[in-house]
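Student: everything below, folded, please.
(chains A and B)
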Amino acid sequence: KAGVTQTPRYLIKTRGQQVTLSCSPISGHRSVSWYQQTPGQGLQFLFEYFSETQRNKGNFPGRFSGRQFSNSRSEMNVSTLELGDSALYLCASSLAGRPNTGELFFGEGSRLTVL
Amino acid sequence: QQQVKQSPQSLIVQKGGISIINCAYENTAFDYFPWYQQFPGKGPALLIAIRPDVSEKKEGRFTISFNKSAKQFSLHIMDSQPGDSATYFCAAWDFGNEKLTFGTGTRLTIIP
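Tutor: A predicted model of the protein is given here:
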């Protein structure tokens, strides 16, 4: 069974640009969550999608957005990039999106560097 | 605001020793407490989890101890091995807001 696939794995952007990251969940999983991981802040929740609907979002500015397609694949977009957006962006998929009822499976992440 | 406080930030333990990582929380809406293990270049993976109606859960060399009244929980790794060297994150699930909050992580190094 294939795991969670995130693309691209590494990318470098400059301030002011925008970026789109992609996540393909495990087959059959309908929930996709996104997290930002930085050395100082750990893992911070960005948002969660279930059946193409955003069910929850974290405390990030509106520059961070996402969507989910009918095949459960998800994308997140960051516009007007800032230096502080440099981080590892992790996607996690699960059957229902609630870790107390089903395990979250993480991808290996997309490492974004903003220059 | 860090809702789950994790310590220590880094930990060095000799092979065969016991590794202990502690977490504390304030939010009484947390009702599920997983621990994740992350190796370099990989995403976090679920290691073990506990619900607040249980004071201890053991899976192999890994044990979670949970103190509901003190709002604290800890991970114990018995007979620590070099292969356990990784970053460990505690987390807590808020059933009201449906959010998973992570601690800041502990980098564990097991030396021979």
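Student: center of chain B, which residue is that?
Tutor: Averaging the C-alpha coordinates of chain B gives a centre point, and the residue nearest to it by CA atoms, centre = their mean is residue B:90 (3.7 Å).
Student: nope, chain A is what I was after
Tutor: With distances taken as CA atoms, centre = their mean, chain A has residue A:34 as the residue nearest its mean C-alpha position (3.0 Å).
Student: beta-bridge partners for the residue of chain A found nearest chain B, please?
Tutor: Each residue of chain A has a distance to chain B, by CB to the nearest CB, and the smallest belongs to residue A:106, at 3.1 Å. Just so you know, the C-beta spots here come from the backbone N, C-alpha and C atoms, and that holds for glycine as well. Counting by DSSP bridges, residue A:106 forms beta bridges with residue A:92.
Student: so what's residue B:58 up against?
Tutor: With CB atoms under 8 Å, 6 or more residues apart in numbering or on different chains as the criterion, the residues that contact residue B:58 are residue B:64.
Student: partner strands of the helix or strand hosting it and their direction?
Tutor: For residue B:58, the enclosing helix or strand under DSSP states H and E is strand B:56-59. On the basis of DSSP bridges, the sheet neighbours of strand B:56-59 come out as strand B:62-67 (antiparallel).
Student: buried ones in the partner strand?
Tutor: The neighbour-count criterion (16 or more other CB atoms under 10 Å in any protein chain shown) identifies B:62-66 as the buried residues of strand B:62-67.
Student: toward the C-terminus, what is the element adjacent to it?
Tutor: Elements were assigned by DSSP H and E; along the chain past strand B:62-67, the next helix or strand is strand B:72-77.
Student: using the three-state scheme, assign the nearest residue in space to the residue nearest to the centre of chain A that is not next to it in sequence.
Tutor: Counting by CB to CB, 6 or more residues apart in numbering or on different chains, residue A:34 lies nearest to residue A:46, which is 4.1 Å off, once chain neighbours are set aside. Three states are possible here, and by DSSP: H, G, I helix; E, B strand; the rest coil the one that applies to residue A:46 is strand.
Student: how far away is residue A:46 from residue B:70?
Tutor: Per CB to CB, to the nearest Å, residue A:46 is found 31 Å from residue B:70.
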